[in-house]
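**Q** take a look and give me a structure for this.
(one chain, ligands or ions: 1)
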Amino acid sequence: MQETHKMKEEITKEDYNYEPFADTEEYRRVNRECINSWVEIMKQKGTNGLEGVLDVATGAGTMVQLVFDSLPESWKKAAVLCLDQSSEALKLAQSKLEKTVDKLKLVHSSIEDMTIPDQSVDIAVWGNGIHYLSAGDQLDSIKRIRRALKPGGFLFFNTAFYEEARPAETLPFYRTQVKTAVQYMRDHGIKRQKTDAKTEAAKFLPRAYYESLVEEAGFKLVDAKEFAVDMHKEAWEYISAFQQYAAGALRGYPIDDAVNAMRDSVGPDLAIHGHRDKDDSPYITRKWLAISAQA
Ligand SMILES: C[S@@+](CC[C@H](N)C(=O)[O-])C[C@H]1O[C@@H](n2cnc3c(N)ncnc32)[C@H](O)[C@@H]1O
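**A** Take a look at the predicted model:
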């Protein structure tokens with residue numbers, strides 16, 4: 001039990017090592033596309049300004065940065081609440097966003113425990129984080145977000161961890177990566193230690209589930225879109241080195257070794273399974289789901 005707790009703590013503390021992946025061109029492009037479509041939806045629905053924005057699972061603040069890049073100039077006076085369970089992430093977000101956002105407030109809390117006043121924000125954005133929660137916690141959290149939204153406010157979220165995110169033809173890439181990484185462990189004499197460790201693994205729930213989830217929480221589903229992203233070696237290396245990703249793929253191994261093994265497996269694996277772009281660089285396509293809902 002103690003081991004499990006320690007491992008969870010280690011990962012929570014180090015969550016901010018997601019930043020290198022969040023800085024890749026592929027990641028920024030797909031999230032920008034999601035956000036542009038969300039801003040279009042708000043305009044189409046007659047929104048003409050924002051007072052309060054809630055950013056759930058802020059991380060390094062990437063979503064807020066991209067939202068502000070995409071908002072009409074006159075909407076940028078909005079106050080922004082950045083919520084994350086990792087204080088390291090919030091520190092990083094603050095340093096990245098202080099030039100962009102005048103009214104920035106940091107909320108150190110999990111979404112499950114969020115207590116912000118009812119009807120206090122116009123939109124909530126939850127980028128790349130909903131899949132960490134169990135289905136029950138997702139529903140409770142979305143209901144909580146709905147209470148925090150003003151009537152007619154919007155919830156926007158996206159994820160690359162849902163059932164259709166990995167097209168069938170790309171599955172051999174994931175299998176080979178884990179196989180190669182396990183071989184790396186053998187070659188380095190590293191043994192599985194924490195067989196009872198319950199790392200929060202990404203949950204691959206289907207698109208249809210997310211569409212009905214928002215309705216179950218009392219929202220109106222406004223839009224669900226999927227974006228395909230051709231991810232190259234650097235992006236795969238960064239996501240594979242993200243501790244939560246590596247720990248989910250290689251359960252029970254020491255986290256630093258899991259990170260090294262998963263990252264080092266990307267190159268040889270892509271050479272076997274990757275498609276080739278016009279410059280002959282290998283890539284694997286991943287899909288992102290973007291959901292828009294209105295309170
Ligand atoms: C993958 S990052 C996403 C960051 C950012 N939203 C983005 O889209 O780039 C996930 C972030 O979610 C935070 N997080 C994970 N589970 C959470 C929870 N239950 N409540 C609040 N934050 C959470 C982590 O601390 C981490 O900073």
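**Q** name the residue of the stretch 101-250 of the chain that lies nearest to the ligand.
**A** Gly127 (2.8 Å; Cβ to the nearest ligand atom). Every C-beta, even on glycine, is put in place using the N, C-alpha and C of the backbone.
**Q** number of residues surrounding the closest residue to that residue other than its chain neighbours?
**A** Excluding its sequence neighbours, the residue lying closest to Gly127 (Cβ to Cβ, 6 or more residues apart in numbering) is Met63, at 3.8 Å. Counted by other Cβ atoms under 10 Å, the residues lying close to Met63 total 28.
**Q** list the buried residues for stretch 95-115?
**A** 96-97, 101, 104, 106-107, 110-111, 114 (16 or more other Cβ atoms under 10 Å).
**Q** isn't Leu250 up against Asn260?
**A** No - if you go by Cβ atoms under 8 Å, Leu250 and Asn260 don't touch, sitting 10.3 Å apart.
**Q** between those two, which one's more packed in?
**A** Using other Cβ under 10 Å, the more surrounded residue of Leu250 and Asn260 is Leu250, with 25 against 19.
**Q** which residue packs closest to the more buried one, ignoring adjacent ones?
**A** Of all residues not flanking Leu250 in the chain, Ala258 sits nearest, at 4.2 Å (Cβ to Cβ, 6+ apart).
**Q** does the one you found sit in a helix or strand, and which one?
**A** helix 255-273 (DSSP states H and E).
**Q** show me where this protein has helices.
**A** Under the criterion DSSP state H, the chain carries helices at the ranges 2-13, 19-22, 25-44, 62-70, 87-97, 135-148, 171-187, 207-216, 233-241, 243-249, 255-273.
**Q** just so I know, which of the ones you listed lies nearest Glu163?
**A** helix 207-216 (7.0 Å; Cβ to Cβ).
**Q** pLDDT at Glu234, what is it?
**A** On the pLDDT scale, Glu234 is placed at 96.
**Q** now swap in the one 4 residues further on and tell me
**A** The predicted structure scores Tyr238 at 95 on the pLDDT scale.
**Q** which residue sits closest to it, ignoring its sequence neighbours?
**A** Residue nearest to Tyr238 in three dimensions, not counting chain neighbours: Phe21, with 3.8 Å by Cβ to Cβ, 6+ apart.
**Q** what about that neighbour, how many neighbours?
**A** Using other Cβ under 10 Å, Phe21 is surrounded by 24 other residues.
**Q** same for the ligand: which of the buried residues of stretch 95-115 are within range?
**A** 110-111 (Cβ under 6 Å from any ligand atom).
**Q** so in the protein, where's the weakest helix or strand by average pLDDT?
**A** Every helix and strand of the chain was ranked by mean pLDDT, DSSP states H and E. The lowest is helix 2-13, at a mean of 41.
**Q** dump the residue contacts of the residue most central in space within the chain.
**A** The centroid of the chain falls nearest to Asn128 when counting by Cα atoms, centre = their mean (1.7 Å). Applying Cβ atoms under 8 Å, 6 or more residues apart in numbering to Asn128 gives the contacts 31, 57, 59, 63, 158-160.
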